[in-house]
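Chemist: Okay, here's the prediction I keep looking at, along with the sequence it came from:
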Amino acid sequence: MEQTLSLILQIATVLGLIFGVFLYFRKPQEDMETKQALTDKDMTNKATVLAQKELESKALVLAEQVKSKNEENERRFNDMGIRLDTAMTVAQNHIHSVDLKVDELMKTTNIMCNKLTELSTVINERMPAKSNLI
């Protein structure tokens, strides 16, 4: 029985040594794989955060460009409105001056027509008709 017990102890010792060596080499490998997985996950998170920050910076740049374009367009529309108002004022002034000139021309023409009518009347009164002479 001692021999069987000794054999069982020897087998248990050998199995213990084999298991101990296995765990000794297996545990660091698992730790290394765990650290590598965590590092990969951390790198992925950092890459995601960097990509997100890059997108945010691009969005800010685009927002600034849109804002500047809107301000430029507003300025252009205001300038165009001012020019249009100025052009309308000038056109109204020209229309008014043309109206005054047309009124003056009509007065002058009426006066000339009246004078021509007077002259025609005077000439007709002083000169006998051709039919009377014959």
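Modeler: Yep, it's here.

Chemist: So for stretch 73-86, mean pLDDT?
Modeler: For stretch 73-86, mean pLDDT is 96.

Chemist: Same check on stretch 29-40?
Modeler: pLDDT averaged over stretch 29-40 gives 78.

Chemist: Centre of the chain to it, how far?
Modeler: 48 Å (C-alpha atoms, centre = their mean, to the nearest Å).

Chemist: For it, output the C-alpha coordinates as PDB.
Modeler: Written as PDB, here are the backbone C-alpha positions of stretch 29-40 (Å, rounded to 0.1, in the frame of the first residue of the first chain):
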ATOM      1  CA  GLN A  29       0.200  34.800 -22.400                       C
ATOM      2  CA  GLU A  30      -3.300  35.500 -21.300                       C
ATOM      3  CA  ASP A  31      -2.200  38.700 -19.600                       C
ATOM      4  CA  MET A  32      -0.400  39.800 -22.800                       C
ATOM      5  CA  GLU A  33      -3.500  38.900 -24.900                       C
ATOM      6  CA  THR A  34      -5.700  40.800 -22.500                       C
ATOM      7  CA  LYS A  35      -3.400  43.900 -22.600                       C
ATOM      8  CA  GLN A  36      -3.200  43.700 -26.400                       C
ATOM      9  CA  ALA A  37      -7.000  43.500 -26.600                       C
ATOM     10  CA  LEU A  38      -7.300  46.500 -24.300                       C
ATOM     11  CA  THR A  39      -4.700  48.400 -26.200                       C
ATOM     12  CA  ASP A  40      -6.400  47.700 -29.500                       C
END
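
Chemist: buried set for it?
Modeler: For stretch 29-40, burial by neighbour count (16 or more other C-beta atoms under 10 Å) applies to no residue. For glycine as for every other residue, the C-beta is placed from the backbone atoms N, C-alpha and C.

Chemist: May I have the predicted confidence score for residue 132?
Modeler: Confidence at residue 132, expressed as pLDDT, is 55.

Chemist: So what's the residue count around residue 67?
Modeler: Neighbour count for residue 67, taken as other C-beta atoms under 10 Å: 10.

Chemist: Name the helix or strand for it, please.
Modeler: Using DSSP states H and E, the element containing residue 67 is helix 2-126.
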